[in-house]
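Novice: After the sequence you'll find the predicted model.
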Amino acid sequence: MLANRFTGRARTIIVAVGVLQIYFACIAANVMDPALHDLQQLFPGISHEQIASLITIPNLAAIPASILSGALTGRRLRYRTVLTMSFLLIVVGGSAPLFLMSFQTVVCARMVLGFGLGLLWPLGNALIIDLFPGERRAYMFGVGEVVKNVSLIILQMIVGLLVGVSAKISWSAYLVLLLSLAALLLCLPEPEIRPVAAQTPLAAAIRQLPRRLYVFILFYCVCMIVQTIYQLNMSSIIVTEGLGDATTAATVLSTATLTAMFAALSFGLIQKVLGDYTITFCAGALGLGTFCISQAATLPPMYASAVIVGIGLGTMSSSFYVKIAECANNENAALVSGFQVVLGGLGGYLPSYFLVLVAAVFNSQSLRLPIALGTLLLGSVAVGFALFYAVAHRRAAAAGGV
């Protein structure tokens, strides 16, 4: 193993390269987005909604796998074993449609891919918690978000090129992840695992988790819901209100994504400066940006709003990861990360129900109204955490002065 041959900074960099392979692969469900139209031609009797479900079905299959991975990895199963299994399931499930003829079998392959993703998702954050202390941990969370975006861009470009040859051949883009698996196995050391007899039983470990963990993951879920609502509705606002076409909408979204990448690279510094108030800053930036989107009537303010949103997008998840990491230790890191992944996944499913609820309660089909209401939720999260930590710091200072 390469990491064991080095010490100091060189070893840290090698280990980081290994851990970041997890973030490179964790966006695998969305890799086929550019091929959706061509896949519908490949399955002419299948509706657009069913074709689009090939992107979302893996997320559903991932939920039980995330629970298993979080409960067993680092306790009964070794990290490298589970990671190898997850990568192989992703590659096999992702590329299997190359050889499948019916839509139903492709759906089954996507569920295999989703199960592999579920095993994978809790382990990136868990390994960062286990292997990186202090400021390095915050920096790695930020870089992980950047790697996700870069990976999505690279793999979707490969799919786009392969679709030009054949829609069926485009599934082979998943084979690229074998290179990522090789880099992971070469660079990532196995974290130390306590003997089974010395471990805290799973039920007791869950009971011992601090209550603040559930507060963090609950509000993380709320923020994920609002983030997804903005992503679902902004393109439709631009097109239906005549601000531009689909290309314009994609450009605005890309502006937010590009800003998010730079913001994520800066997260370590943001965390160092703001400390406990980082969630307030990040949720506040996302809330301000989404509010501006809900009010923007022309393209220039829409682009400016996308920049503000990008700051929140690139840092919001990492701000919660840091706080969630404080609730974990080496033994339960995967378990804690599993809770976060499952609630974050629910945050990706619930927006459609939120949109239906808003339409029913307010008797309105406005695309802007759900975004504006989401702004209120984000503002409440930002203000709530600011007040909580202000009171906590004041009490700590008073206790220290006694």
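Specialist: Cool, got the structure.
Novice: Touching, Phe291 and Leu377? I think so.
Specialist: No: here Phe291 lies out of contact with Leu377, judged by C-beta atoms under 8 Å, at a distance of 11.3 Å. Every C-beta, even on glycine, is put in place using the N, C-alpha and C of the backbone.
Novice: so where is this structure shaky, pLDDT-wise?
Specialist: 1, 48-49, 196, 246, 330, 400-402 (pLDDT under 70).
Novice: and the longest helix for it?
Specialist: Criterion DSSP state H: the longest helix present in the chain is helix 368-401.
Novice: for Leu209, phi and psi?
Specialist: Main-chain dihedrals, Leu209, degrees, to the nearest 10: phi -60, psi 140.
Novice: Report how many residues lie close to it.
Specialist: Counted by other C-beta atoms under 10 Å, the residues lying close to Leu209 total 15.
Novice: Tell me which residues touch it, please.
Specialist: 327, 332, 335-336, 339 (C-beta atoms under 8 Å, 6 or more residues apart in numbering).
Novice: from the residues you listed, which is closest to His393?
Specialist: Closest approach to His393 among these (C-beta to C-beta): Cys327, at 19.0 Å.
Novice: quick one on the thing from earlier: format the contacts of Leu209 as CSV; extra columns: neighbour count.
Specialist: Shown next, in CSV, are the contacts of Leu209 (neighbours: other C-beta atoms under 10 Å):
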residue, neighbour count
Cys327, 21
Asn332, 25
Leu335, 24
Val336, 27
Phe339, 24
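Novice: Adding distance to Glu135, write these out as TSV.
Specialist: Formatted as TSV, these follow (distance: C-beta to C-beta, whole Å):
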residue	distance to Glu135
Cys327	18
Asn332	22
Leu335	24
Val336	20
Phe339	24
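Novice: quick one: which of those residues is nearest to Gly160?
Specialist: Nearest member of these to Gly160, counting by C-beta to C-beta, is Phe339, at 35.8 Å.
Novice: what's the helix or strand for the residue nearest to the closest one when sequence neighbours are not counted?
Specialist: Nearest residue to Phe339 in three dimensions, chain neighbours excluded: Ile217, at 5.5 Å (C-beta to C-beta, 6 or more residues apart in numbering). Secondary structure assigned from DSSP states H and E places Ile217 in helix 211-240.
Novice: ok, then the element right after that helix?
Specialist: Proceeding N to C from helix 211-240, the next assigned helix or strand is helix 246-265, under DSSP H and E.
Novice: quick one: that following helix to helix 211-240, angle?
Specialist: 150 degrees (axes from the mean of the first three to the mean of the last three C-alpha atoms, to 10 degrees).
Novice: Which SSE is immediately downstream of helix 246-265?
Specialist: Past helix 246-265, the next helix or strand by DSSP H and E is helix 267-274.
Novice: who's in contact with that next one?
Specialist: 135, 138-139, 141-142, 145, 278, 280-282, 314-315, 318-319, 322.
Novice: and the following helix or strand past that helix with helix 267-274, angle?
Specialist: Beyond helix 267-274 on the C-terminal side, the first helix or strand identified by DSSP H and E is helix 278-295. Interaxial angle of helix 278-295 relative to helix 267-274 (the same axes, to 10 degrees): 110 degrees.
Novice: Report all helices and strands that helix 278-295 contacts.
Specialist: On a contact count with 3 or more C-beta pairs under 8 Å, 6 or more residues apart in numbering; DSSP states H and E, helix 278-295 meets helix 211-240, helix 267-274, helix 299-325, helix 368-401.
Novice: Out of these, indicate the one that is most buried.
Specialist: helix 299-325 (a mean of 23; mean count of other C-beta atoms under 10 Å).
Novice: Who are the packing partners of it?
Specialist: helix 103-131, helix 134-163, helix 211-240, helix 246-265, helix 267-274, helix 278-295, helix 333-349.
Novice: Next, the buried residues of the first one.
Specialist: Spelled out, it's helix 103-131. Neighbour-count burial for helix 103-131 flags 103, 106, 108-131 (criterion: 16 or more other C-beta atoms under 10 Å).
Novice: now that helix and helix 333-349, what's the angle there?
Specialist: 130 degrees.
Novice: now helix 103-131: how far from the chain's centre is it?
Specialist: Between the centre of helix 103-131 and the centre of its chain there are 12 Å (C-alpha atoms, centre = their mean, to the nearest Å).
Novice: The third one too?
Specialist: Per C-alpha atoms, centre = their mean, the displacement of helix 211-240 from the mean C-alpha position of its chain is 12 Å.
Novice: Check the shortest one too.
Specialist: Chain-centre distance of helix 267-274: 20 Å, with C-alpha atoms, centre = their mean.
Novice: With stretch 172-191 instead?
Specialist: For stretch 172-191, the distance to the chain centre is 19 Å (C-alpha atoms, centre = their mean).
Novice: Please put the alpha-carbon coordinates of that stretch into CSV.
Specialist: Once non-C-alpha atoms are left out, stretch 172-191 reads as follows in CSV (Å, rounded to 0.1, in the frame of the first residue of the first chain):
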residue,chain,number,x,y,z
SER,A,172,-19.5,2.1,-20.8
ALA,A,173,-18.6,5.5,-19.2
TYR,A,174,-18.9,3.7,-15.8
LEU,A,175,-15.8,1.6,-16.6
VAL,A,176,-13.8,4.7,-15.9
LEU,A,177,-14.5,4.2,-12.2
LEU,A,178,-12.3,1.1,-12.3
LEU,A,179,-9.3,3.5,-12.5
SER,A,180,-10.7,5.3,-9.5
LEU,A,181,-11.0,2.0,-7.6
ALA,A,182,-7.4,1.2,-8.4
ALA,A,183,-6.3,4.6,-7.1
LEU,A,184,-8.3,4.1,-3.9
LEU,A,185,-6.8,0.6,-3.2
LEU,A,186,-3.3,1.9,-3.9
CYS,A,187,-3.5,5.0,-1.7
LEU,A,188,-6.0,4.4,1.1
PRO,A,189,-4.9,2.7,4.3
GLU,A,190,-7.3,0.6,6.4
PRO,A,191,-8.3,2.6,9.5
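Novice: Contacts for that stretch, please.
Specialist: With C-beta under 8 Å, 6+ apart, stretch 172-191 has contacts from 1-4, 14-15, 17-19, 21-22, 24-25, 28, 31-32, 74, 78-80, 83-84, 87-88, 90-91, 94-95, 98, 113, 127, 130-131, 155, 158-159, 162, 330.
Novice: before we move on, back to that, how close does the residue nearest to Phe339 get to Ala264?
Specialist: With distances taken as C-beta to C-beta, to the nearest Å, Ile217 is found 20 Å from Ala264.
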